[in-house]
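> Here is a sequence with its predicted model. Questions after.
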Amino acid sequence: MRSVLSCLALAAATLLGASSALARAFPTKPIKAIVPFAPGSATDQIGRAFANEMAKTLGQPIVVENKPGVNGMLGAADVAKATPDGYTILIGTNSTNAALKSLMKQLPYNQDTAFAPLGYPGSVPLIVAVNNDVPAGNLRELVDMAKAKPDSVTFASASTSQLVSTEMLASMAGIKMTNVPYKSGPAAMTDLIGGQVNLFTADFAVMLPQVKGGKVRGLAVTSTKRSAAIPELPTVNEALGLKDYELIAYFAMFAPAGTPADVVAKLNAAINAAANSKELQDKFAPIGFVVEPGTPQALGERTRLETAKWAKAIKDAKIEPQ
């Protein structure tokens, strides 16, 4: 029996040693980063920029793969079931790692336990905008228009933040609008410009160039303070005389649960180095992106709090799980 126990202890020590050696050597090959939204989306733009900067720190390329669908659920599910070795990571968002739990009746993974937090790149507010032919010069006039003809105003959504931000606005303003779902933000933007939908609330990366280019009319920003990127737009609270409206999109990176702590630490260091890059900050400052480097533990706590926050927002907006 003593001999058997000795053999088991030796085997365990060998496996532990091999695991530690693997972590020390990481990475020895390219890393795959899954973006669970379409090319051209804010998640895609920011994810690719971070991947490029992280590769400089890690000494290996990071290959970005887009897998859009079901508010990011399809891409997140792929990462959740991947081998936990650090070679598959998720460019996650408030959708994949906070809101989906309340938006879906059932997920193909446990949102609370399927992922190892890596790092928090940052956040960006949204802009509420309408097609140029909509006869509303400001958000108050749009609300009055929707009150006069309930459900006549249509709005696009291609992500959780886009859907919840608009439904929450409608709930707090006491109006009803008709949702038109899209598979991607760029596709929704095309239809907003073309007049197929009246309203679209989207992050600055998708919306700001179109507002500044005169393709659509911006009405408000969804943060509690005006954005330096477009200070002429009021906040939703200012425009409607509200106090508690706020909804921002954020970006966070995750690996499959069980990824070795040393690997998580290396990926976190690369994320933070990217966030501190002046080149990256200058690139995204015009779209209101605010970097927030931190620890994996801080992201884990933020994710817990954000999950509760989004659950309340979804409940208050009376959005039924799909």
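Done, it's in.
> quick one: the spatially most central residue of the chain and Y120, what's the gap?
The C-alpha lying nearest the average C-alpha coordinate of the chain belongs to T93 (C-alpha atoms, centre = their mean; 2.3 Å). Between T93 and Y120 the computed distance is 11 Å (C-beta to C-beta, to the nearest Å). Placement of C-beta: from N, CA and C, glycine included.
> and the residue nearest to the centre of the chain, bridged to which residues?
Beta-bridge partners recorded for T93 (DSSP bridges): F251.
> thought it was touching S41?
No - assessed by C-beta atoms under 8 Å, T93 is found out of contact with S41, at 9.5 Å.
> between the two, what contacts are shared?
S159 (C-beta atoms under 8 Å, 6 or more residues apart in numbering).
> what's next to stretch 90-101, contact-wise?
With contact meaning C-beta under 8 Å, 6+ apart, stretch 90-101 is reached by 33-37, 43, 46-47, 50-51, 64, 71-73, 75-76, 79, 107, 111-112, 115, 159-161, 164, 249-255, 303, 306-307, 309-311, 314.
> hang on, the earlier thing: tell me how far the residue nearest to the centre of the chain lies from K67.
Between T93 and K67 the distance is 13 Å, computed by C-beta to C-beta.
> Overlap of the contact sets of the two?
P36.
> related to what we said a few turns ago, so how far is A249 from the residue nearest to the centre of the chain?
From T93 to A249 the distance is 6 Å (C-beta to C-beta).
> quick revisit: narrow the contacts of stretch 90-101 to those in strands?
If you go by DSSP state E, these have A33, I34, V35, V64, F115, A249, Y250, F251, A252, M253, F254, A255 in strands.
> From the residues you listed, pick the one nearest V180.
Set against V180, the nearest of the ones in strands among the contacts of stretch 90-101 by C-beta to C-beta is A249 (19.5 Å).
> Burial check on the spatially closest residue to that closest one that is not a sequence neighbour, number of neighbours?
Of all residues not flanking A249 in the chain, S161 sits nearest, at 4.4 Å (C-beta to C-beta, 6 or more residues apart in numbering). Each residue near S161 was counted by other C-beta atoms under 10 Å, and the total is 29.
> got it, and the one 4 residues further on?
The criterion is other C-beta under 10 Å. On that basis, S165 has 29 neighbouring residues.
> pretty sure it is touching L247, no?
Yes - using C-beta under 8 Å, S165 is in contact with L247, at 4.3 Å.
> and for the two, which residues touch both?
With C-beta under 8 Å, 6+ apart, S165 and L247 have common neighbours L126, T222.
> For F26, which non-adjacent residue is closest in space?
V263 is the one closest to F26 (C-beta to C-beta, 6+ apart), at 5.0 Å.
> Counting by contacts, list what the strand or helix carrying the one you found packs against.
Using DSSP states H and E, V263 falls within helix 261-275. For helix 261-275, the packing partners by 3 or more C-beta pairs under 8 Å, 6 or more residues apart in numbering; DSSP states H and E come out as helix 2-25, helix 42-58, strand 115-124, strand 249-256, helix 296-316.
> And these: which comes nearest V236?
Closest among these, using C-beta to C-beta: helix 296-316, at 13.2 Å.
> Name the SS class of L242, please.
coil (DSSP: H, G, I helix; E, B strand; the rest coil).
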